[in-house]
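> return atomic coordinates for the entry below.
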Amino acid sequence: MNDVLLACHQLSRVYQDGQRQLQVLNQVDLQLHQHDMVAIVGSSGSGKSTLLHCLGGLDQPSSGTVYFQGQAIHQWSANQLADWRNQSLGFVYQFHHLLPEFSALENVAMPQLIAGHSQRQALQQASAMLALVGLSEREQHRPAELSGGERQRVAIARALVNSPQLVLADEPTGNLDAQTAEQIYHLLQRLNRELGTAFVIVTHDQQLAQQLPRVLQLHHGQLQASASESATC
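Numbering: from 1, shown residues only. A predicted model of the protein is given here:
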């Protein structure tokens, strides 16, 4: 299908632990289409983060291939991968990883500056993204002056500032209380609708995951469809 954005085929990841091999991913197949919003759930240690890192080119699979718009990403050079992550992907983590010495506005502008845009354009785009996540009045605040939910909103704005086609989110609400986590999920769903950005959200929270239109379970290194999914992913 020509609207397949990201796919992996027979993706496996094996780690060597002394004399023992630990297989974290076992021939995973996945297709993600443009504008999709997918939750991947699983217990701690099930390989969710490893899968996300392989999909985002941050880790090299032991076998199998990841494709972005039909191109095998692990055949690219390090510079090509870096440019792809900067321009086509956004990342959100459980811990916001904001730079403490910079304001919210400056943190969000960083990917624009890395991409080579002027400081003026970078700050304008960052301001627009902070407005989109409801933080216009907090632009000049540093991370230490923001609540946990506000810091994660800044991280989401930073992930979206270069208008990526896909955002990979690794436990984006794992460090938040239940009410704030709910608000972040609603924000991600709204951004998916309004911007058309595809999202893959890794989480151990089944209740939050069930709010999304597509839920996959990672179990024993393999992706399984939820009850509402077809058996094919």
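> same for the helix or strand of the chain at the bottom of the mean pLDDT ranking, what does it pack against?
For the chain, counting by mean pLDDT, DSSP states H and E, strand 222-225 ranks last in confidence among helices and strands (a mean of 80). Here strand 222-225 touches strand 20-33, strand 214-219, going by 3 or more C-beta pairs under 8 Å, 6 or more residues apart in numbering; DSSP states H and E. Where C-beta positions appear, they are placed from N, C-alpha and C, glycine not excepted.
> show me what counts as buried in that strand.
By neighbour count with 16 or more other C-beta atoms under 10 Å, strand 222-225 contains the buried residues residue 223.
> buried sites along the helix or strand encompassing residue 107?
Assigned by DSSP states H and E, residue 107 belongs to helix 104-114. With burial defined by 16+ other C-beta under 10 Å, the residues of helix 104-114 counted as buried are 104-112.
> ok, how many other residues are close to the nearest residue in space to residue 148 that is not next to it in sequence?
Residue nearest to residue 148 in three dimensions, not counting chain neighbours: residue 176, with 5.5 Å by C-beta to C-beta, 6 or more residues apart in numbering. A total of 19 residues lie near residue 176 under the criterion other C-beta atoms under 10 Å.
> quick revisit: strand partners (parallel or antiparallel) of the least confident helix or strand of the chain?
Strand pairing for strand 222-225, determined by DSSP bridges: strand 214-219 (antiparallel).
> model confidence over the partner strand, on average?
Average pLDDT, strand 214-219: 88.
> pick out the residue closest to the middle of the chain.
residue 168 (1.3 Å; C-alpha atoms, centre = their mean).
> look at that one and tell me its secondary structure.
Under DSSP: H, G, I helix; E, B strand; the rest coil, residue 168 falls in the strand class.
> in contact with it, which residues are there?
52, 55-56, 89-92, 200, 202 (C-beta atoms under 8 Å, 6 or more residues apart in numbering).
> which neighbouring elements make contact with the lengthiest helix in the chain?
Under DSSP state H, the helix in the chain containing the largest number of residues is helix 178-195. Secondary structure elements in contact with helix 178-195, counted by 3+ C-beta pairs under 8 Å, 6+ apart, are strand 37-41, helix 148-160, strand 198-203, helix 206-209.
> minimum distance to residue 217: which of the ones you listed has it?
Within these, the stretch nearest residue 217 is strand 37-41; the backing value is 5.6 Å (C-beta to C-beta).
> identify all contacting residues around the next helix or strand after the closest one.
For strand 37-41, the following helix or strand on the C-terminal side (DSSP H and E) is helix 48-55. For helix 48-55, the external contacting residues (C-beta under 8 Å, 6+ apart) are 6, 8, 11, 13, 24-25, 28, 30, 40-42, 59-61, 66, 168, 170-171, 200, 202-204, 218.
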